[in-house]
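Q: Show me how the following folds:
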Amino acid sequence: MKPNIFISSTINDLSHLRDSIRDLISELGYNPIMSEYGDIGYLPSESAEESCYIAMKDCQMSVMIIGKRYGSISDNGLSVTHNEFRTARERKIPIIFLVNEEVLSFKRVFEANNKEQEMNFPGMENPKKIFDLIREFSESKFNNGLITYSNVQTAKNNLKGQFAHIVGDLLKRR
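A: Residues are numbered from 1 along each chain as shown. As a prediction, this is how the structure comes out:
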């Protein structure tokens, strides 16, 4: 069985990176699942958003890409990407968390200052919510290692390394 790998992120601002990650996952022999390519089965009884969460549940792994946008807000006050993260976490789906290096730098500045004060960071939309998502992932008891990227090439190289580690671990356990 070819594993399904759900690619989660905001779409419009990261389309070039998402396309490259999709190509990489396909080249490695896995099945990328992405909404903009028709990989999500939109069900008449569910919203488009809920269909994404249902699709996530049928995946064996998830790649979460965090950039400078938090994304569309759902009824529960969290972004679709944040809810996809929680869906993966609830199902114990392994997550590879790719975070933009500049966003992590901004997070360190935010944490060094008064976190309740509204702060602006160049190009960021809703930074506090993005930092909360990163913190939620990082503070998990397991599957909490994040990797960074500064451009498409570093994202692909770091992602390949993570896939190699995961496969190596599975082979070692066998």
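Q: where do the helices sit along the protein?
A: Ranges of helices in the chain, per DSSP state H, are 15-27, 48-57, 80-90, 101-112, 127-138, 152-173.
Q: roughly how far is the fifth one from the heart of the chain?
A: Helix 127-138 has its average C-alpha position 12 Å from the chain's average C-alpha position, going by C-alpha atoms, centre = their mean, to the nearest Å.
Q: same deal with the fourth one?
A: Distance, stretch centre to chain centre, for helix 101-112: 18 Å (C-alpha atoms, centre = their mean).
Q: most centrally placed residue in this structure?
A: The structure's the chain has its C-alpha centroid closest to residue 64; by C-alpha atoms, centre = their mean the separation is 1.0 Å.
Q: Against residue 132, how distant is that residue?
A: Distance, residue 64 to residue 132, by C-beta to C-beta, to the nearest Å: 14 Å. C-betas here are computed from N, CA, C, even on glycine.
Q: for residue 173, same thing?
A: Taking C-beta to C-beta, one finds residue 173 at 34 Å from residue 132.
Q: When those two are compared, which one has more neighbours?
A: residue 132 (16 against 6; other C-beta atoms under 10 Å).
Q: The lowest-mean-pLDDT helix or strand in the chain vs helix 80-90, what angle?
A: For the chain, using mean pLDDT, DSSP states H and E, the weakest element among its helices and strands is helix 48-57, scoring a mean of 89. Calculated by axes from the mean of the first three to the mean of the last three C-alpha atoms, to 10 degrees, helix 48-57 forms an angle of 30 degrees with helix 80-90.
Q: contacting residues around residue 102?
A: 68, 150 (C-beta atoms under 8 Å, 6 or more residues apart in numbering).
Q: got a list of what the residue nearest to the centre of the chain touches?
A: Here residue 64 is in contact with 8-9, 81, 84-85, 88, 95-98, 137 (C-beta under 8 Å, 6+ apart).
Q: By neighbours, which of those wins?
A: In the contacts of residue 64, the most neighbours by other C-beta under 10 Å go to residue 8, 28 neighbours.
Q: show me what contacts it?
A: 56, 62-65, 81, 84-85, 88.
Q: What distance do you get for the spatially closest residue to it that is not a sequence neighbour to residue 61?
A: Among residues not flanking residue 8 along the chain, residue 84 sits closest, at 4.3 Å (C-beta to C-beta, 6 or more residues apart in numbering). Distance, residue 84 to residue 61, using C-beta to C-beta: 13 Å.
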